[in-house]
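# Give me a model of this one.
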Amino acid sequence: MFKLWRYTLFFLVCLLIALLINLPLVHVLPWVKLPPEIQISGVDGTIVRGKAQQITVNEFPVRGVNYRYLPSCFVLLKVCYRIEFDDGRFDVAYDLLNGDTELSKGQVEYPVSVLTPYLTPLPVDGKPAQLVAKLIWRDLGINDQGVKMNIGDYQLDINGQSPKYDLLFSDHDASLTLKGNGEINAGGVFKVDVRIEPRAGIEPQVKYVLDLIAEKVGHNKYRIRQSGRLPAQLARHL
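Numbers count the residues shown, from 1 in each chain. The predicted structure is shown next:
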């Protein structure tokens, strides 16, 4: 009799797991308290794997979303998913013990023209405990009376934890050699120090822009030194 109950219990547990794995996500979402700024449409899949036509975060559309559950981090008492979409990917982990949400292994690439209307205010709440990020500006261009000039790819690395974040500026073998650093402190106070030098010659359009925004420190050599405070809508997240 004991063996029968043991097998029955084992069968019921397996059945429950199978039902949960195959439970459509649309039946789970109504029980998940998402912030009002986040809306999900076109969901098709289970809690383990599936897709969504679009996720809107504070009116910013993220399209072509595919998600899958990552069981490897369950031993750490976290619920993890790999999120892939048209313009990038990232991993998200929810800590079952303290309720923290962690984003990692992210790679996102959007045209600046797409991002600009959504830069303020940021569609997030809370403050990052630690930040490691890389921002690559591809095909930076100068528009001179309708004539566009591509001056290459440039990179900003951000590393640190609240209340101080270090900045590192560099280029990707671009037209301008760019090297510099900076920092952002609590309250959004920042300072940057960047040196710029053309690799070979300098176009009039580029020289005109550099003369406007930078300090000339030598023949075709420039320096940008700035300090100040970030806008309040950005600073409140630091």
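
# Could you pull up the mean pLDDT of stretch 152-171?
Across stretch 152-171, pLDDT averages out at 88.

# For residue 103, the count of nearby residues, please.
As a burial measure, residue 103 scores 12 neighbours (other CB atoms under 10 Å). Bear in mind the C-beta positions are built from the backbone N, C-alpha and C, glycine included.

# Tell me the strands beside the helix or strand hosting it, with direction?
Assigned by DSSP states H and E, residue 103 belongs to strand 101-108. In the sheet, strand 101-108 lines up against strand 88-95 (antiparallel) (DSSP bridges).

# Measure how far the partner strand is from the centre of its chain, please.
What separates the centre of strand 88-95 from the centre of its chain is 10 Å, taken as CA atoms, centre = their mean, to the nearest Å.

# Could I get the CA-only coordinates of that strand as PDB?
Output in PDB follows, covering the C-alpha atoms of strand 88-95 (Å, rounded to 0.1, in the frame of the first residue of the first chain):
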ATOM      1  CA  GLY A  88      19.500  42.700 -29.500                       C
ATOM      2  CA  ARG A  89      19.400  40.300 -26.600                       C
ATOM      3  CA  PHE A  90      19.900  40.100 -22.800                       C
ATOM      4  CA  ASP A  91      19.500  37.700 -19.900                       C
ATOM      5  CA  VAL A  92      17.200  38.500 -17.000                       C
ATOM      6  CA  ALA A  93      17.300  36.900 -13.600                       C
ATOM      7  CA  TYR A  94      14.800  37.300 -10.700                       C
ATOM      8  CA  ASP A  95      16.100  36.500  -7.300                       C
END
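
# Only alpha carbons, please: show stretch 192-209 as CSV.
The C-alpha trace of stretch 192-209 is given here as CSV (Å, rounded to 0.1, in the frame of the first residue of the first chain):
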residue,chain,number,x,y,z
VAL,A,192,35.1,64.2,-18.6
ASP,A,193,38.5,64.7,-20.1
VAL,A,194,38.9,63.5,-23.7
ARG,A,195,41.7,64.1,-26.2
ILE,A,196,41.0,64.0,-30.0
GLU,A,197,43.4,63.8,-32.9
PRO,A,198,42.8,63.0,-36.6
ARG,A,199,44.6,59.9,-37.8
ALA,A,200,45.4,61.4,-41.2
GLY,A,201,44.6,65.0,-42.1
ILE,A,202,41.4,66.7,-41.1
GLU,A,203,38.4,67.6,-43.3
PRO,A,204,37.1,71.2,-43.1
GLN,A,205,33.7,70.0,-41.8
VAL,A,206,35.3,68.0,-39.0
LYS,A,207,37.7,70.9,-38.1
TYR,A,208,34.8,73.3,-37.9
VAL,A,209,32.9,71.1,-35.5
